[in-house]
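> sequence and predicted structure are below.
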Protein chains: 2
Amino acid sequence: MNDDAVEKTGEKAAGGMHLSRRGMLLGAVAGGFGAAIAPSHAEAGSSSKASTGSDDEIDLDRSIPFYGEGVAQAGIHTPPQRHILYMTFDLTTTDQRALQVLLARWSAAIAQLMKGEPIGQVEPERQGAVGFDTGEALGLDPASLSVTVGLGPRIFTEALGLADKRPPLMRELKQLPSDAFRPELTGGDLSLQACCDDQQVAYHAVRDLARIAKQTGVAQTRWTVMGFGRASAGKGQTTPRNLFGFKDGTRNIVDDEDFARHVFIADGPKWQHQGSYQVVRKIAMHIENWDTDRVSDQNAVFGRHKVSGAPLSGTYEFETPDFAARDANGDLLIPANAHIHLAAHENNGGIKILRRSYNYTDGINAVGQLDAGLLFISYQKDPAQFETLQERLGASDGMNEYISHIGSAIFFVPPAPREGSYIGEALFSAQT
Amino acid sequence: MNDDAVEKTGEKAAGGMHLSRRGMLLGAVAGGFGAAIAPSHAEAGSSSKASTGSDDEIDLDRSIPFYGEGVAQAGIHTPPQRHILYMTFDLTTTDQRALQVLLARWSAAIAQLMKGEPIGQVEPERQGAVGFDTGEALGLDPASLSVTVGLGPRIFTEALGLADKRPPLMRELKQLPSDAFRPELTGGDLSLQACCDDQQVAYHAVRDLARIAKQTGVAQTRWTVMGFGRASAGKGQTTPRNLFGFKDGTRNIVDDEDFARHVFIADGPKWQHQGSYQVVRKIAMHIENWDTDRVSDQNAVFGRHKVSGAPLSGTYEFETPDFAARDANGDLLIPANAHIHLAAHENNGGIKILRRSYNYTDGINAVGQLDAGLLFISYQKDPAQFETLQERLGASDGMNEYISHIGSAIFFVPPAPREGSYIGEALFSAQT
């Protein structure tokens, strides 16, 4: 009863430790159990005030730079913001010049949007004119908006005269055992990933960019997911929870060294350096079924304790899991088909991917159940990194009973443009 | 060109005034053009730190009291938070006692949730137990969560033995000229309105309450809308924008006197005092069509300037519209079929309703257009207040070309329970 009361206030750590929630989190960071501490790097953004570093406040005033030299686009290295609007587009033209114009216009608009500015007049002086900007973000702060542009496999084809610019590792993902795709939730020739601490600002950004795509006759909306309450952590962030109630992102990539090793491309054609491959999955989670399962079973599925996030081999969230540890009966503490066992770099030849996932809901499904899941986005320098891990998970992950991969796409994300240039400019120049 | 550059940074007020955005907003408040200033009243919530009063920061630490004596449920008078999850439920029983148990369990759970606490153990001590709380809000702040419970028309029927407890003005809404309902987006016997500054906290609340409804065999989910970037303002808030890009809520009810006159019931059966009728509409907005319209036409549809929010008869947002003012040609400055003309209390015998609306998006529709709109929620002491205004708007509002009322429901929202009681307790006692 006493334990019950304590846990009800969220103040009970696993393993019998009694610490306040805040004490526990700060303790974990200060103790350095593998947690990243410093929240500041080039992409962490500028603000008129210093960040409190607290999860109790959201500072909407912050803006993130769009342009850069020899760096990745924002939205990969950037610590995940609280909301996402992800959308893919189909090209409606094979005119290379038209695509070039769209990428140039998108880049100019994104630079404005990330500063918290409209992309043009909302209420033009000239009588009878339509607005250049739809206006719903007027007066709102930038709220750390980042918009990341991806180029799909069909961009690099003969039809567009761009076959010779194909990134060396770009291809459709191979068929995996977890695939249960709905065609209307797959693919796309262009992608926009708008992440922001204000959902209205994210929606406005994608809406106005989609409007430009249609106005120029270059691309048409294909599929979209709106996500919230990010599930994966970034540098300096406490680990958020997915809709299974578990922490997601404890072992995510946070160190620059790992970004260089696993995420950003540094070889091949020069214009692709600091680019990355974006893999997106819409993963439906059968949360009502999940909720009827014993928590001890749930823990075994993840390989972690639900409340503390600690691996089943240990006590603290950021402890390194001991995949060989066994209990008194000789059974593995972290089952061999536990999610963290299958996905761990220790068990996959050192492979890591950067995850940038968000929770989503589609309301209520046809059979009256809550329709929700995970918008999984990963970044890697080679799509094979994702495939290797997902092939293993799809074959034997204990979680498969509770999830369906219903959407999927892959994009190449070129590096950030330098000021005065635009995303993908190198595609259209003779030099590469 | 100069004007263009100025407006691009959002710093141009209508009517030739040049003020910075922040200066303009502060000026409007300080100048007292009808704007509410004081952000504090009983329901404004408690926080470990003082509120900055700034729209640049969201203080997630704040919690709102659930219990109260002789006051309304939270979520009506409470200044609108940034997110909403609205859901209705169908009763799956005619057992009055079962309904009573559900309302009691919901009340206890909501009281916990609004404090930022789980509704029970996430990871029970007892091996083999399922969790009482699904866990995804563990470690998150209350973020000003309010959960408001509504009772639908079919609660007060012979089937449940509650016909004699029917609130005097409770009935199904009459057919209105704007109705274009999809049956699956209408009605319900119970409603939950969860408003919160953290979308994940709102989702968790409704998910766990829906779980209790199913577990007890009392109610089944019916329809739901998730909304963001509130469109209507509350006391002490700057006016947000809807997805037509216009300010929404400039003339909303903010003064206690108006709440008493128009919103909260003060006569009839005593247990209903401080109750209110909740009308909900899911209004699809054809934003892609809207975006092709001239802004001067859009202004005429609303009767306001898009950027400043000022009535077409004036210069400042909070100016009282002059519905008789004419231009040099003798034409009304605010057209007779403008939205604010038709909806104004001056033109409707003094009738006002409290609006608490949010923007929503359903992604992309079947014809490839952005699918978005407004979750309109109003509170009034008599459903006829809504009907009177909506009948007028539905018949001649210039906005009708761009909107469809696709969902609708009505609920009676009983007052807040005192501590130790629960929502609707008086329904089940002999005394009323």
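Sure thing, it's come through.

> and stretch A:167-182, how far apart are its ends?
Stretch A:167-182 has an end-to-end distance of 27 Å (CA to CA, to the nearest Å).

> next one: stretch A:239-259
Start-to-end, stretch A:239-259 (CA to CA) is 19 Å.

> list the buried residues of stretch A:298-307.
For stretch A:298-307, the neighbour count (16 or more other CB atoms under 10 Å in any protein chain shown) marks A:298-307 as buried. Just so you know, the C-beta spots here come from the backbone N, C-alpha and C atoms, and that holds for glycine as well.

> over to stretch A:312-320?
Per 16+ other CB under 10 Å, stretch A:312-320 contains these buried residues: A:312-314, A:316-319.

> how close does the closest residue to A:Phe386 other than its chain neighbours get to chain B?
Excluding the flanking residues, the one nearest A:Phe386 by CB to CB, 6 or more residues apart in numbering or on different chains is A:Val279, at 4.6 Å. With the distance defined as CB to the nearest CB, to the nearest Å, A:Val279 ends up 20 Å from chain B.

> pLDDT below threshold where in chain A?
A:1-55, A:430-432 (pLDDT under 70).

> pull the contacting residues for the residue sitting nearest the centre point of it.
Compute the mean C-alpha point of chain A, and by CA atoms, centre = their mean the closest residue is A:Arg356, 2.4 Å away. Contacts for A:Arg356 (CB atoms under 8 Å, 6 or more residues apart in numbering or on different chains) come out as A:75-76, A:80, A:195, A:230, A:232, A:234, A:377-379.

> pull the residues that contact the lengthiest helix in chain A.
Looking across chain A with DSSP state H, the single longest helix is helix A:96-114. Residues from elsewhere that reach helix A:96-114 (CB under 8 Å, 6+ apart): A:63-67, A:74, A:91, A:93, A:118-119, A:137, A:142, A:145-147, A:149, A:155, A:160-162, A:201, A:204-205, A:208-209, A:212-213, A:216-219, A:417, A:421-425, A:427-428, B:8.

> what's the answer for stretch A:317-336, then?
Stretch A:317-336 is contacted by residues A:28, A:33-35, A:239, A:247, A:250, A:300, A:303, A:308-314, A:340-341, A:344, A:346-347, A:398 when judged by CB under 8 Å, 6+ apart.

> my read is that A:Asn359 contacts A:Val225, right?
No. Look at A:Asn359 against A:Val225 with CB atoms under 8 Å: they stay out of range, at 10.3 Å.

> the two: which has the busier surroundings?
For A:Asn359 versus A:Val225, neighbours defined as other CB atoms under 10 Å in any protein chain shown are more numerous around A:Asn359 (25 against 21).

> please, which helix or strand holds A:Tyr86?
Using DSSP states H and E, A:Tyr86 falls within strand A:83-91.

> that strand and chain B in contact?
Yes. In terms of CB under 8 Å from any CB of the partner chain, part of strand A:83-91 sits within range of chain B, namely A:His83.

> pairing partners for that strand, with directions?
If you go by DSSP bridges, strand A:83-91 pairs up with strand A:190-196 (antiparallel), strand A:219-228 (antiparallel).

> got the contact list for the first one?
Read that as strand A:190-196. A:75, A:78, A:80-89, A:91, A:143-152, A:155, A:202, A:205-206, A:209-210, A:213, A:219, A:278, A:280, A:356, A:377, A:409, A:411.

> ditto for stretch A:423-432
So stretch A:423-432 is contacted by A:73, A:96, A:100, A:103-104, A:106-107, A:149, A:151, A:155, A:162, A:165, A:269-271, A:414, A:416-417 (CB under 8 Å, 6+ apart).

> list buried residues within those residues.
For these, buried by 16+ other CB under 10 Å: A:73, A:100, A:103-104, A:106-107, A:149, A:151, A:155, A:162, A:165, A:271, A:414, A:416-417.

> widest-spaced pair of those?
With CB to CB as the measure, no two of the buried ones among the contacts of stretch A:423-432 lie farther apart than A:Leu162 and A:Ala416, at 20.2 Å.

> could you pull up phi and psi at A:Gly373?
Phi and psi for A:Gly373, reported as degrees, to the nearest 10, are phi 170, psi -150.
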